[in-house]
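Participant: my questions are about this predicted structure, shown below with the sequence.
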Amino acid sequence: MLARAAVILSLFAWLPLVPLAHAGGQSIPASAEGQIEFNTPSGNIGCIYTAKGGTGTYEPKDGGPELSCSRVEPSYVTIILGPKGPATLIKNPGEQGCCGDVDKLGYGKSWSAGPFACQSSTKGLTCTAKNGHGFFISKAKVTVK
């Protein structure tokens with residue numbers, strides 16, 4: 001019995017290990033400019049990640065990196081999260097384009113790039129920076145910390 005257990009355990013030793021931090025993680029490719037765009041499955045929330053240094057046409061405040069997420073309904077709001085300090089909530093960003101035909105961050109999936117990580121659920125989208133600041137955004141509410 002002990003010999004059979006040793007054989008079974010040795011078979012598992014050959015399996016690749018997947019870090020728990022990446023369990024449920026979703027890879028979303030960057031555009032040619034280096035930005036990463038994703039929406040929640042509902043299509044009501046859309047995010048754009050811009051790496052440090054920005055793009056040829058956009059430079060984040062303080063040079064970046066930056067995560068900007070917008071919600072369409074019931075009212076249009078935008079939240080901008082940088083690597084330092086709390087997120088900024090813009091309650092009336094004016095006419096904006098949001099949530100086009102880009103990759104969806106599936107419910108129960110997570111995404112991360114630079115100092116940011118987001119978790120999508122049927123309740124909404126939670127994003128945090130390594131500094132502990134972040135936000136939650138859904139159709140029902142928006143909270144910033």
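Facilitator: Looks like it came in fine.

Participant: going by residue numbers, what spans are helices in the protein?
Facilitator: 2-12 (DSSP state H).

Participant: which residues are in contact with the nearest residue to Glu73 once chain neighbours are set aside?
Facilitator: Spatial nearest neighbour of Glu73, excluding adjacent residues (CB to CB, 6 or more residues apart in numbering): Asn44 at 5.5 Å. Using the backbone N, CA and C atoms, a C-beta is placed for each residue, glycine as well. Shown in contact with Asn44 (CB atoms under 8 Å, 6 or more residues apart in numbering): Arg71, Val72, Glu73, Cys99, Lys139.

Participant: ok, the fourth one to Gly34 distance?
Facilitator: Here Cys99 is placed at a distance of 20 Å from Gly34 (CB to CB, to the nearest Å).

Participant: the two - which one has more neighbours?
Facilitator: Cys99 (19 against 14; other CB atoms under 10 Å).

Participant: can you tell me the closest non-neighbouring residue to Glu66?
Facilitator: Pro60 (3.6 Å).

Participant: can you count the residues close to the one you found?
Facilitator: 20.

Participant: contact partners for it?
Facilitator: Thr50, Gly54, Glu66, Gly82.

Participant: output those in TSV, with pLDDT, neighbour count and distance to His133 appended to each entry.
Facilitator: Putting the contacts of Pro60 into TSV (pLDDT from 0 to 100; neighbours: other CB atoms under 10 Å; distance: CB to CB, whole Å) gives the following:
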residue	pLDDT	neighbour count	distance to His133
Thr50	97	21	17
Gly54	94	18	20
Glu66	97	23	13
Gly82	95	22	9
